[in-house]
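*Asks:* Quick one, fold the following:
(one chain, ligands or ions: 2)
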Amino acid sequence: MRYLDKVDDTIIYFLTLAQEAQKKAYAPYSCFKVGAAAVGNSSKVYTGCNVENASYSLSMCAERIALFKAISEGESEIKALYIIGPENEPISPCGACRQVIFELARNSTIYLSNCNMTKVIETNSKELLPYGFDLKGR
Ligand SMILES: O=c1ccn([C@H]2C[C@H](O)[C@@H](CO)O2)c(=O)[nH]1
Ligand SMILES: [Zn+2]
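*Replies:* Ligands and ions are numbered 1, 2, ... in the order given. From the prediction side, this is the model:
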């Protein structure tokens, strides 16, 4: 887990796609809009935003929507996952998303960005969720 010294153009490109999705977030309860972009092995990009519900626990996070879109469209592996939050510090995925990332994006590079892409953390599934629950390795 490290802050990037320089945020290169490729990262800016994918974070911009995540930011476009972030604008579509449906977050009337938290007013906390998040966007994500998952890059599949095919190099196709799947974006997501958080979608909330009056029954709060039915809300879904941006990164899970992006990952579920990718898998449901036939991607078998995710190369990279970009997540952009609304604040001045990089977004920190919730515990549920960390488990889903561990399942579906285990070998991905993961980028966590603040709202204007000036602070970007590079990390991976095992740093986000040490000793994650795993049935694959049995
Ligand atoms: O990494 C995160 C963290 C939070 N949220 C959403 C969930 C909820 O809709 C709102 C406030 O927690 O932000 C995400 O989509 N991704
Ligand atoms: Zn989450």
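
*Asks:* what about the helices in the chain?
*Replies:* 9-22, 62-72, 95-104, 125-128 (DSSP state H).

*Asks:* can the ones you listed go into CSV with extra columns for mean neighbour count?
*Replies:* C-betas here are computed from N, CA, C, even on glycine. What follows is those, written out as CSV (neighbours: other C-beta atoms under 10 Å):
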stretch, mean neighbour count
helix 9-22, 18
helix 62-72, 23
helix 95-104, 19
helix 125-128, 17
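
*Asks:* Out of the ones you listed, which gets nearest to Lys136?
*Replies:* Lys136 sits nearest to helix 95-104 of all these, at 7.9 Å, using C-beta to C-beta.

*Asks:* Please tell me how far the closest one is from the chain's geometric centre.
*Replies:* When C-alpha coordinates are averaged (C-alpha atoms, centre = their mean, to the nearest Å), helix 95-104 and its chain have centres 10 Å apart.

*Asks:* Who are the packing partners of it?
*Replies:* helix 62-72, helix 125-128 (3 or more C-beta pairs under 8 Å, 6 or more residues apart in numbering; DSSP states H and E).

*Asks:* Determine the number of other residues adjacent to Lys6.
*Replies:* Lys6 has 6 neighbours, counted by other C-beta atoms under 10 Å.

*Asks:* Next: Thr123.
*Replies:* Neighbourhood size, Thr123 [other C-beta under 10 Å]: 18.

*Asks:* interface residues of this structure facing ligand 1?
*Replies:* 27, 30, 32, 34, 50, 52, 59, 61-63, 83, 91, 93-94, 97 (C-beta under 6 Å from any ligand atom).

*Asks:* Give me the ChimeraX select line for those, limited to the buried ones.
*Replies:* In ChimeraX, selecting the buried portion of the residues of the chain next to ligand 1, with burial taken from 16 or more other C-beta atoms under 10 Å, looks like this:
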select :27,34,50,52,61,62,63,83,91,93,97
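
*Asks:* out of the residues of the chain next to ligand 1, which touch ligand 2?
*Replies:* Cys61, Cys94, Cys97 (C-beta under 5 Å from the ion).

*Asks:* Turn those residues into CSV, columns for pLDDT.
*Replies:* What follows is these, written out as CSV (pLDDT from 0 to 100):
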residue, pLDDT
Cys61, 99
Cys94, 98
Cys97, 98
